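Engineer: got a structure for you, letters missing:
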Ligand SMILES: Nc1ncnc2c1ncn2[C@@H]1O[C@H](COP(=O)(O)OP(=O)(O)OP(=O)(O)O)[C@@H](O)[C@H]1O
Ligand SMILES: [Mg+2]
């Protein structure tokens, strides 16, 4: 198929705060928050990264909505966009793709406090990825990144780090050494079990503790025999698009 005929990929942000969000979608995040708080409090975790095997499995969606839901319970939350290669969180705050953020702080071009943005009517802030650098892995592994993580830790109850897929780039494993734990997103009817196991092995080797998994894009209507899927079932989340409401 020629490029001209390909359907453009437009990434939407499906928010729990959207008035059209289906009841089951919002409820799933409430459940996720309850389990999340239980595990993170017991294990004293506040730096949590969200990752998955491959692209388009719902990591950013889970990161944003988890952060929003935790903020809904009055927690001070910061969402940090560490997918420096394919950032999308700028849509959350209606800013452009090249808005200054994490990479600019990492390169010493600006200060952290200047690029942390408030998400309206919430106790949630966001640190966008910033201008895409040629060396994302290097930047994420730097001492400066460690210093940013330590600075954020002092200000927030939870810091949620949205990361790239484990099997495509090394960034998640690299960042993982600074994290208290990871949440692994598994996409309904898509993510392959052998790839999940491979990614989990990679994270284990990098010393990253997987706290649980979120099962994303589950659709009750089409789930059939998959409805009882429960691998890594510390968290169980099912989400459907607002479009499914009809
Ligand atoms: N629960 C859901 N129901 C329906 N669609 C969803 C859901 N979660 C995410 N999507 C859609 O799936 C696509 C991929 O989601 P998202 O960007 O969160 O994935 P990702 O894993 O962060 O992708 P990438 O690897 O490119 O960063 C987006 O178009 C998003 O709108
Ligand atoms: Mg993403």
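Structural biologist: Everything's here; your move. All values reported here derive from a predicted model rather than from experimental measurement. Residues are numbered from 1 along each chain as shown. Ligands and ions are numbered 1, 2, ... in the order given.
Engineer: And the host helix or strand of residue 151, what does it pack against?
Structural biologist: Following DSSP states H and E, one finds residue 151 within helix 143-155. Helix 143-155 makes packing contacts with strand 47-52, strand 77-81, helix 102-106, helix 112-115, strand 158-162 when contacts are defined by 3 or more C-beta pairs under 8 Å, 6 or more residues apart in numbering; DSSP states H and E. Quick note: C-beta positions are derived from backbone N, CA and C, even for glycine.
Engineer: and that helix with strand 47-52, angle?
Structural biologist: Comparing the axes of helix 143-155 and strand 47-52 via axes from the mean of the first three to the mean of the last three C-alpha atoms, to 10 degrees yields an angle of 120 degrees.
Engineer: In helix 143-155, which residues are buried?
Structural biologist: 145, 148-149, 152-153 (16 or more other C-beta atoms under 10 Å).
Engineer: How about stretch 60-79?
Structural biologist: Taking 16+ other C-beta under 10 Å as the criterion, stretch 60-79 shows 60-72, 75, 77-79 as buried.
Engineer: now swap in stretch 158-176 and tell me
Structural biologist: Buried residues in stretch 158-176, counted by 16+ other C-beta under 10 Å: 158-167, 169-176.
Engineer: Can you check the distance spanned by stretch 162-182, start to finish?
Structural biologist: By C-alpha to C-alpha, to the nearest Å, the extent of stretch 162-182 from end to end equals 10 Å.
Engineer: now it, how far from the chain's geometric center?
Structural biologist: Stretch 162-182 sits 11 Å away from the centroid of its parent chain (C-alpha atoms, centre = their mean, to the nearest Å).
Engineer: and if you look at stretch 71-80?
Structural biologist: On C-alpha atoms, centre = their mean, the centre of stretch 71-80 falls 13 Å from the chain's centre.
Engineer: Is that stretch positioned near ligand 2?
Structural biologist: No - against ligand 2, stretch 71-80 shows no contacts by C-beta under 5 Å from the ion, the least distance being 11.6 Å.
Engineer: Relative to residue 15, how far out is residue 70?
Structural biologist: Taking C-beta to C-beta, to the nearest Å as the measure, residue 70 falls 14 Å from residue 15.
Engineer: before we move on, the earlier item: and the buried residues of helix 143-155, which is closest to residue 83?
Structural biologist: Comparing those against residue 83 with C-beta to C-beta places residue 145 closest, at 14.0 Å.
Engineer: Contacts only, for the residue nearest to the closest one when sequence neighbours are not counted.
Structural biologist: Counting by C-beta to C-beta, 6 or more residues apart in numbering, residue 145 lies nearest to residue 106, which is 6.3 Å off, once chain neighbours are set aside. Contact analysis of residue 106 by C-beta atoms under 8 Å, 6 or more residues apart in numbering lists 130, 133, 139, 142, 144-145, 148.
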